[in-house]
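In: Following is a predicted model, sequence given first.
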Amino acid sequence: MKHKPPRPAGKSPVKPGSSGRDETADALCAAALRLLCAGQLAQAEDACRRALTLDAASIDALHAMGQVCLALKRADDAIEWFARALRLDISVPASFVGLAQALRLAGRLDEAIKAYDRALQLQPDAAESWDALGELLQLAGRHAEAALACDRLLQLAPDRAATWFRLGEVLDAQGRRDEAALAFDEVLKLTPGHVEAANKAGAVHFDAGRYDEAIARFDRSLAANPDQAGVLCLKGISLRRLRRYGEAQPCGQRAHVLAPHDPDIANSYGCILQNLGRHDEAVAVFDTAIAMRPQTAEFHNHRGTSLAELHRFDEAFASFDRAVALKPDLADAHWNAALFRLLTGDFARGWAAREWGRKCRAVGFVERSFDAPMWLADAPLAGKTILLHSDEGLGDTIQFARYAAMVEAQGARVVLEVDAPLQPLLSGIDGVAQCLARGVDPIPVVDFHCPLSSLPLAFATRLDTIPAAPCYLPRPPATRCASWEQRLGPHDRLRVGLVWSGNPVHLNDHNRSMPLATLAPLLDLGARFVSLQKDARPADKALLATRSDILDLTADIRDFVDTAALIDNLDLVITVDTSVAHLAGALGKPTWIMLPYTPDYRWLLDRDDSPWYPNVRLFRQDERRDYAAVVARVGAALAQRIEAFAAT
């Protein structure tokens, strides 16, 4: 029932047993406040009413009654009492503050905000009013204004941790992540054990992709409370994205133990196991996540990837199909299925599905837009100009540049655009009228365009129709070849080029690359070893400096033409799956490629040759995923090659 403010009587009632001679409005107000603080709300209300009976114009009594009604959660009554005080005197800040509190209790946030604004106009340095206003503005979703209120309060009281925390929240809500992180860090300076501030700061850095910073904040939170499953999970994801998989594993495992019924935490742990190559365990964890939430397409996609890595392809494709059935636009599932279909030789379905990679954030296609339409063999090219443009890595560009001659054979004038380092190398390739460096040379007017990696789809390439000329790159200039011949010295031993690692940012680098030390058994054989390894990693550089049996001339390599000229003077190239593998293969140089157990799709499975490069020989890991065994087989084959060279 709504309690209406009573109309003041002309005379104060006298309690039984009391003469009333000692009661005044001020004394009754003071008594009411004491009773209010003691939680004796009914008695406090009675004292207020008696005070107002004695003095209906007592601002203090009206305020006290309003405060009692607030404590009793009677918002409408409180609003009326504070409004009545304001009708008597509009210059009292406390009246506006009380009214704001009552309006907030009634859920009338915008009016409450206006009341605080009026209070602060009268009393600009009232810290508690700025605090309450900031909180209200945050609740109302008015984050920019809330940030201003927090700033004003921090000018008055810079050591208020709660205000820094709110400022961090409202800045984060505006997408001002860098500023939000600084605000949460201020909370941690003032209260080092503030778990929520550490978590918020970590989450802000996590969302911004600053994973080292996120981990540092999560560690502070976990130091105070080590059993936070969600924080452990986020720390594990951060470490995983930094490719620190060994460190991520115990975080993911502990989170899974603490929250065994959380499917997202299970899925995250499964992804860490997957990155560690522990695919049997990963499948079991993904199965757990799927059992808890079977309709999540991403879980099926991740499970499919691990099954494929185990070469359980039928089960893998069933998982990818299930993911797509649940979420038809899940690009990652289409992409993964495409790669493994291509790997298993299913080019008919693989090339088309591979186009989904253009919608995958992590794949790294170089997407372009042109006024000209994209060509996929769906229009005649006679008399037309077409732009073929690189859209993946350097090795992919070298591999698919072979299609330029096929496009030119359809009557087109072919303009090829590639990464600047490849432009000198590919300028003379068959079928290309003009070769441009992307981002350097302007693109002429063209009738069509096609990404290089879409050309196998355009030509409906199958295993038996791969354009596999033994050598389709032009031979490097004779002067360059002669220059490298001089650097190499006498050709009295088999010359073998070595590459042992690829680009460290490649998603599969931890599987395809190896340390130089792994190749040590080869170095005892009687060959002339030449490093083709650009940008060697620190440990490899240190080892390379101690190995006089490896000639390292890479500091003199200026571009891919230099690399091609150096390879031209070698007898054999031994490499992991990098751009040099494609370069040597496209030059027709005998090339041995060392591959992980589940290689990139283009190398297929269960064969030691490549339909893309006739002069390539493949050396594969077995299910042990051990490069030492691969190097041993390479060494045996190399010993035979050295013996044959010596016999000539």
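Out: Sure thing, it's come through. Here the structure is a predicted model, which is why all the values come from computation and not from measurement. Residues are numbered from 1 along each chain as shown.
In: which residues of this protein fall in strands?
Out: 385-389, 413-418, 434-437, 448-451, 495-499, 528-531, 550-552, 572-576, 591-595, 616-620 (DSSP state E).
In: Quick one: distance of the last one to the chain centre.
Out: Put plainly, it is strand 616-620. 34 Å (CA atoms, centre = their mean, to the nearest Å).
In: If you count contacts, what does that strand end up packed against?
Out: With contacts defined as 3 or more CB pairs under 8 Å, 6 or more residues apart in numbering; DSSP states H and E, the packing partners of strand 616-620 are strand 591-595, helix 627-647. C-beta coordinates here come from the backbone N, C-alpha and C atoms, glycine included.
In: repeat for the fifth one
Out: Where contact means 3+ CB pairs under 8 Å, 6+ apart, strand 495-499 is packed against strand 528-531, strand 572-576, helix 579-586.
In: partner strands of the first one, parallel or antiparallel?
Out: Read that as strand 528-531. Sheet partners assigned to strand 528-531 using DSSP bridges are listed as strand 495-499 (parallel), strand 550-552 (parallel).
In: Now tell me what touches that strand from outside.
Out: The contact list for strand 528-531 (CB atoms under 8 Å, 6 or more residues apart in numbering) reads 488, 492-498, 522-523, 544, 549-554, 566, 570.
In: do stretch 210-229 as well
Out: By CB under 8 Å, 6+ apart, stretch 210-229 touches 181, 184, 188, 192-193, 195, 198-199, 201-203, 205-206, 231-232, 234-235, 238-239, 241-242, 254-255, 258-259, 262, 265.
In: repeat for stretch 336-352
Out: 301, 304-305, 308, 313, 316-317, 320-321, 324, 353-354, 356-357, 456-457, 460-463, 598-605.
In: go with 7 Å
Out: Identification of contacts with stretch 336-352 by CB atoms under 7 Å, 6 or more residues apart in numbering yields 301, 304-305, 308, 313, 316-317, 320, 353-354, 356, 456-457, 461-463, 601, 604-605.
In: And that stretch, how far out from the chain middle?
Out: On CA atoms, centre = their mean, the centre of stretch 336-352 falls 26 Å from the chain's centre.
In: sorry, back to before: mean neighbour count, the helices and strands packed on strand 495-499: which tops it?
Out: Neighbour counts (mean count of other CB atoms under 10 Å) averaged over each of the helices and strands packed on strand 495-499 peak at helix 579-586, with a mean of 28.
In: Make CSV from the strands of the chain and add mean pLDDT and distance to S610 to it.
Out: Shown next, in CSV, are these (pLDDT from 0 to 100; distance: least, CB to CB, whole Å):
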stretch, mean pLDDT, distance to S610
strand 385-389, 98, 23
strand 413-418, 98, 22
strand 434-437, 97, 25
strand 448-451, 97, 22
strand 495-499, 98, 16
strand 528-531, 96, 23
strand 550-552, 94, 26
strand 572-576, 98, 13
strand 591-595, 98, 8
strand 616-620, 98, 4
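In: Mind putting the ones you listed into a markdown table with distance to R152?
Out: Output for the strands of the chain, formatted as a markdown table (distance: least, CB to CB, whole Å):
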| stretch | distance to R152 |
| --- | --- |
| strand 385-389 | 54 |
| strand 413-418 | 55 |
| strand 434-437 | 54 |
| strand 448-451 | 54 |
| strand 495-499 | 61 |
| strand 528-531 | 63 |
| strand 550-552 | 63 |
| strand 572-576 | 60 |
| strand 591-595 | 63 |
| strand 616-620 | 67 |
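In: For A482, which of the ones you listed is the nearest?
Out: strand 495-499 (15.2 Å; CB to CB).
In: Tell me what angle that closest one forms with strand 572-576.
Out: Strand 495-499 runs at 10 degrees relative to strand 572-576, counting by axes from the mean of the first three to the mean of the last three CA atoms, to 10 degrees.
In: picking up where we left off before, would CSV of the strands paired with strand 528-531 with distance to G168 be doable?
Out: As requested, the strands paired with strand 528-531 are exported to CSV (distance: least, CB to CB, whole Å):
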stretch, distance to G168
strand 495-499, 48
strand 550-552, 51
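In: any idea which of the ones you listed is most buried?
Out: Most buried among the strands paired with strand 528-531, counting by mean count of other CB under 10 Å: strand 495-499, with a mean of 24.
In: Run through who's touching that one.
Out: In contact with strand 495-499 (CB under 7 Å, 6+ apart) are residues 488, 519, 527-533, 550, 567, 569-576, 578, 580.
In: Also stretch 164-172?
Out: 134-135, 138, 143, 146-147, 150, 179-180, 183-184, 186-187, 190, 197, 200, 204.
In: What's the mean pLDDT across it?
Out: The pLDDT scores in stretch 164-172 average 96.
In: Check stretch 464-472 too.
Out: 95.
In: List the buried residues in the helix or strand bottoming out on mean pLDDT in the chain.
Out: Within the chain, no helix or strand scores below helix 509-512, which has a mean of 84 by mean pLDDT, DSSP states H and E. For helix 509-512, a neighbour-count test (16 or more other CB atoms under 10 Å) marks D509, N511, R512 as buried.
In: Give the full set of residues in contact with L388.
Out: A404, V407, V414, L416, C450, L452.
In: try 8 Å
Out: 401, 403-404, 407, 414-417, 449-452, 455.
In: cool, R303 as well?
Out: So R303 contacts G270, A282, V283, F286, D287, I290, S319 (CB under 8 Å, 6+ apart).
In: leaving aside the residues next to it on the chain, what's closest to the last one?
Out: Which is S319. If you skip the residues right next to it in sequence, S319 has G304 as its closest partner in space, 3.3 Å away by CB to CB, 6 or more residues apart in numbering.
In: Kindly report the same for R620.
Out: Nearest one to R620, counting by CB to CB, 6+ apart, is L595 at 4.8 Å.
In: what about the nearest residue to A382 once chain neighbours are set aside, how many neighbours?
Out: The shortest distance from A382 to any residue other than its chain neighbours is 3.3 Å, reached at G411 (CB to CB, 6+ apart). The number of residues packed near G411 is 11, by other CB atoms under 10 Å.
In: Now do the same contact list for the residue nearest the centre of the chain.
Out: By CA atoms, centre = their mean, the mean C-alpha position of the chain lies nearest to G209, the distance being 5.9 Å. G209 sits next to R241 when contact means CB under 8 Å, 6+ apart.
In: let's go with 10 Å and repeat that
Out: G209 makes contact with R177, S238, R241, according to CB atoms under 10 Å, 6 or more residues apart in numbering.
In: Would you write out the ChimeraX command that picks the buried residues out of those residues?
Out: In ChimeraX syntax, the buried subset of these is picked out as below (16+ other CB under 10 Å):
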select :177,238
